[in-house]
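Novice: pasting a predicted model and its sequence here:
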Amino acid sequence: MEYIKLTNDNLEKEHICCAISNNKDIQVASKKAWLAERLNDGLVFLKSAERGKCFIEYISAENAWCPISADGYMHINCFWVSGSLKGHGYANDLLSACIADAKAKGMYGITVISSPKKTSFLSDPKYLAYKGFKVADSAAPYFTLMYLPFDDGSPVPKFNDSAKNPHINKQGFVVYYTHGCPFTAKYVPIIESLAKEKGVQFESVLIDSKEQAQNAPMAWTNHAVFYNGNYITNEILSEKKFNELIARLS
């Protein structure tokens, strides 16, 4: 397998794996604009040359868009191998590249947000455990911060207090999101329009800076749904799933 590292020079022409379309697609355009800025912060997006979901995206924890205290660690934002590209050892290749990069930079290890059971949009905990990752911390309702320390004496990373027990002082549906995930650019406006059509109280909050993300009231910042102040899900909602939520909660 040939792998390609995204740069500001090739970002325009390369596909981004998680949303394979042309640059005029709102999902692709929003993600690439976000990536262009993050590349300047040291983010690495390493992907297969083949078209498909096979990539790893990582950055130093100090610059990560998530509420963790993990100075000196490399943080995996997203790690995805699926479809016909599964089962060929590509995930091992990508993770090994991340580990090698972190070691070359003198870091303590790797962190990644997961969950006790496989959950949509989060890295597979069974695979991570198989590769030596351990649970460093947890945050309600189902998030775990896993880490792979390179030495026994490495400090243990943790979630920030703001994310440990997610709750906000707002009524109705509130969706926090970033453009770190391309699907939010498509689906957040769709469900916002649906909420307006149904007369359901709804607010969308775009997290557009590292500082906002690192102080967010939930562990997973790419997408978070609250209802009457309570955390509901990290899953990006289709019209059908949002309608089901309205029926269940309203």
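Specialist: Received it, and whenever you're ready, just let me know what you need.
Novice: how many neighbours does residue 162 have?
Specialist: For residue 162, the neighbour count with other C-beta atoms under 10 Å is 15. Heads up, the C-betas are built off the backbone N, CA and C, glycines and all.
Novice: contacting residues around it?
Specialist: By C-beta atoms under 8 Å, 6 or more residues apart in numbering, the residues touching residue 162 are 67, 215, 216, 217.
Novice: for it, give its distance to residue 232.
Specialist: Distance, residue 162 to residue 232, using C-beta to C-beta, to the nearest Å: 18 Å.
Novice: and if you look at residue 69?
Specialist: As judged by C-beta to C-beta, residue 69 and residue 232 stand 26 Å apart.
Novice: do residue 109 as well
Specialist: As judged by C-beta to C-beta, residue 109 and residue 232 stand 32 Å apart.
Novice: thought residue 229 was touching residue 171?
Specialist: Yes. Residue 229 lies in contact with residue 171 (C-beta atoms under 8 Å); the separation is 7.1 Å.
Novice: quick check: residue 226 is in a strand.
Specialist: Yes. Using DSSP: H, G, I helix; E, B strand; the rest coil, the assignment for residue 226 is a strand.
Novice: now the closest residue to residue 203 other than its chain neighbours, what's its secondary structure?
Specialist: With C-beta to C-beta, 6 or more residues apart in numbering as the criterion, residue 203 has its nearest non-adjacent residue at 4.8 Å, and that residue is residue 174. On the three-state scheme (three-state DSSP), residue 174 is labelled strand.
Novice: neighbours of residue 194, how many?
Specialist: 17.
Novice: which one in the protein is furthest away from the centre?
Specialist: Centroid-distance maximum for the chain: residue 199 at 30.4 Å, with C-alpha atoms, centre = their mean.
Novice: and the gap between that residue and residue 13?
Specialist: Distance from residue 199 to residue 13, by C-beta to C-beta: 45 Å.
Novice: check residue 122 too.
Specialist: 30 Å.
Novice: roughly how far does residue 45 sit from residue 8?
Specialist: Noted for residue 45: a distance of 11 Å to residue 8, by C-beta to C-beta.
Novice: shared neighbours of those two, anything?
Specialist: residue 39.
Novice: show me which of these two is the more surrounded one.
Specialist: It is residue 45, of residue 45 and residue 8, that has more neighbours when counted by other C-beta under 10 Å, with 24 against 11.
Novice: wait, what's in contact with the more buried one?
Specialist: 5, 6, 16, 35, 39, 55, 56, 57.
Novice: quick one: those as JSON lines, columns for distance to residue 184, secondary structure and neighbour count too.
Specialist: Listed next are the contacts of residue 45 as JSON lines, based on distance: C-beta to C-beta, whole Å; DSSP: H, G, I helix; E, B strand; the rest coil; neighbours: other C-beta atoms under 10 Å:
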{"residue": "5", "distance to residue 184": "24", "secondary structure": "strand", "neighbour count": "12"}
{"residue": "6", "distance to residue 184": "19", "secondary structure": "coil", "neighbour count": "23"}
{"residue": "16", "distance to residue 184": "14", "secondary structure": "coil", "neighbour count": "20"}
{"residue": "35", "distance to residue 184": "14", "secondary structure": "helix", "neighbour count": "20"}
{"residue": "39", "distance to residue 184": "19", "secondary structure": "helix", "neighbour count": "17"}
{"residue": "55", "distance to residue 184": "18", "secondary structure": "strand", "neighbour count": "23"}
{"residue": "56", "distance to residue 184": "20", "secondary structure": "strand", "neighbour count": "26"}
{"residue": "57", "distance to residue 184": "15", "secondary structure": "strand", "neighbour count": "24"}
